[in-house]
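Novice: what follows is a predicted structure for the sequence shown.
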Amino acid sequence: MNAHTDLIDRYFAAWNETDTASRRKLIATTWSTDAAYLDPLLSGDGHDGIDAMIRAVHERFPRHTFRRTTDVDGFANRLRFSWELASPDGTPVVKGSDFGVVDPSGRLQAVTGFLDAMPGAA
C-alpha cells in the first residue's frame, strides 16, 4: 500500500465514522488544519467545516457508506480516485471521482469532487 492509498483509506474512514469524537480524530490525522473540500453539492473549510459537511451527509443518508472503487492514482503531491456511496443493502446511490492535493506533512490540503452518477441525473 502506498502513502496515497493509506491517506485516502483514512479519508473514507472519516466519511464513514458516525461517532463524533472518532471522526474528529480521523479528520485531524487526515486533513491539514486549513484544508478545503469542494464538490457540486458540498463544501467545507478547515477541520470544523469538513466535520460539519460529513455530519450533514450522515443526516441525509443514514447508515450509508462510502467506498473506494478504484486504486489511488498519484504522483508528487496530487492524487485521484473514484468512489461510491452505498445504501445499507450495498446498492450504490451516488458515484464520483475526487482529485486531491497533499501537503508536505502527508495530509490532505484540498479535495475537489466530481459527481459521476446520482439519482435523478440524466
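Specialist: Sure, I can see it.

Novice: wasn't residue 50 part of a helix?
Specialist: Yes - Residue 50: assigned to a helix according to DSSP: H, G, I helix; E, B strand; the rest coil.

Novice: which residues does it contact?
Specialist: 14, 27, 31, 35, 37, 44 (C-beta atoms under 8 Å, 6 or more residues apart in numbering). (Glycine included, C-beta is placed from N, CA and C.)

Novice: in this protein, which spans are strands?
Specialist: For the chain, the strands defined by DSSP state E occupy 31-38, 43-45, 65-68, 73-75, 78-86, 92-102, 108-117.

Novice: okay, these in TSV with mean neighbour count and distance to residue 18 next?
Specialist: Formatted as TSV, these follow (neighbours: other C-beta atoms under 10 Å; distance: least, C-beta to C-beta, whole Å):
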stretch	mean neighbour count	distance to residue 18
strand 31-38	18	18
strand 43-45	16	17
strand 65-68	16	10
strand 73-75	13	28
strand 78-86	19	14
strand 92-102	17	18
strand 108-117	16	20
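
Novice: for residue 23, which of these is the nearest?
Specialist: Nearest to residue 23, of all those, is strand 31-38, at 11.4 Å by C-beta to C-beta.

Novice: just list what the one helix or strand in the chain whose mean pLDDT sits lowest packs against, helices and strands only.
Specialist: Ranked by mean pLDDT, DSSP states H and E, the helix or strand of the chain with the weakest confidence is strand 73-75, at a mean of 92. Packed against strand 73-75 by the contact rule (3 or more C-beta pairs under 8 Å, 6 or more residues apart in numbering; DSSP states H and E) you find strand 78-86.
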